Structure formats: structure tokens, C-alpha cells
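Peer 1: return a 3D structure for these sequence lines:
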Amino acid sequence: MKKLTCHCGEIEIKIKLKEKSNDYYRCNCSICKRKGSITTIVDKEDLEIVKGAEKIKCYQFNTKAAKHFFCSVCGINTHNLRRSDPNTYGVNVGCLEDISTKELFLGHLLVAGSGIKP
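Peer 2: Alright, predicted model coming up:
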């Protein structure tokens, strides 16, 4: 299990990464494009909110199928329920406690849906 937190620490989430946990991407939907966060996918049952559920707010737009979750205190987006597969969450990799940003940018990032490597 990996620990994921927002910036202020009010939200703490435990996730179980899939075996291929280096599968990171940038979603190209209108909100994710603007946020610029790097994402990985976890199954719905592999995400557990440990602390701060009452601080988590949800933003929806357009079809309202996807749910984008963020901390109501510091504003950091932690995860989202995906429109393309509502049995999975997209997780903001930058919120993982033991992630190295240097490793992220040296890895292979894909733009979801385009097949383009930035």
C-alpha cells in the first residue's frame, strides 16, 4: 500500500498500485489538461480514504460522469473517478508520499488517448 496526501495533510489515502505501477499518463480532458497532473490508475477497491473524508470536495462538469476530488483546505486534486471506466480511479501521482519527481520526468509519460509521448 502507498500513502497519498494533499499538500496540507488534511487528506490521507491509501492505495494499492497495480503491478505495472510505472504506467503514468496525462489525461487530455479539459480540466486535467489545465491541472497538468500526472496520473496512474487504481481499481476502485484499491483506494481507501484513511483521513479527511469530510475535507474532500467534488467537482463535476459536462456529462457529470467523472468526479474530480480535491482538498477543500489546500485545493490539491488527489484523485478522480474516471468517466471512461467508473470502476477505477485516476490518482494524482504527485501526491504519493515516496515519489521522486525526477524519476517521473525521466520516465515515459503518455498523453491519454493520443499515443503521443511528450
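Peer 1: OK, contacts around His68?
Peer 2: When contacts are counted by CB atoms under 8 Å, 6 or more residues apart in numbering, His68 touches Ile31, Cys58, Tyr59, Gln60, Asn77, Asn80. Using the backbone N, CA and C atoms, a C-beta is placed for each residue, glycine as well.
Peer 1: how near is Asn87 to Lys3?
Peer 2: 23 Å (CB to CB, to the nearest Å).
Peer 1: quick one: which of those two has more around it?
Peer 2: The residue with more neighbours, out of Asn87 and Lys3, is Lys3; 13 against 9, by other CB atoms under 10 Å.
Peer 1: I'd guessed the more buried one sits against Lys16; true?
Peer 2: No - contact between Lys3 and Lys16 fails when scored by CB atoms under 8 Å: they sit 11.4 Å apart.
Peer 1: picking that back up, dump the contacts of His68 to a markdown table, plus secondary structure and neighbour count.
Peer 2: Shown next, in a markdown table, are the contacts of His68 (DSSP: H, G, I helix; E, B strand; the rest coil; neighbours: other CB atoms under 10 Å):
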| residue | secondary structure | neighbour count |
| --- | --- | --- |
| Ile31 | helix | 16 |
| Cys58 | strand | 11 |
| Tyr59 | strand | 12 |
| Gln60 | coil | 14 |
| Asn77 | strand | 21 |
| Asn80 | strand | 26 |
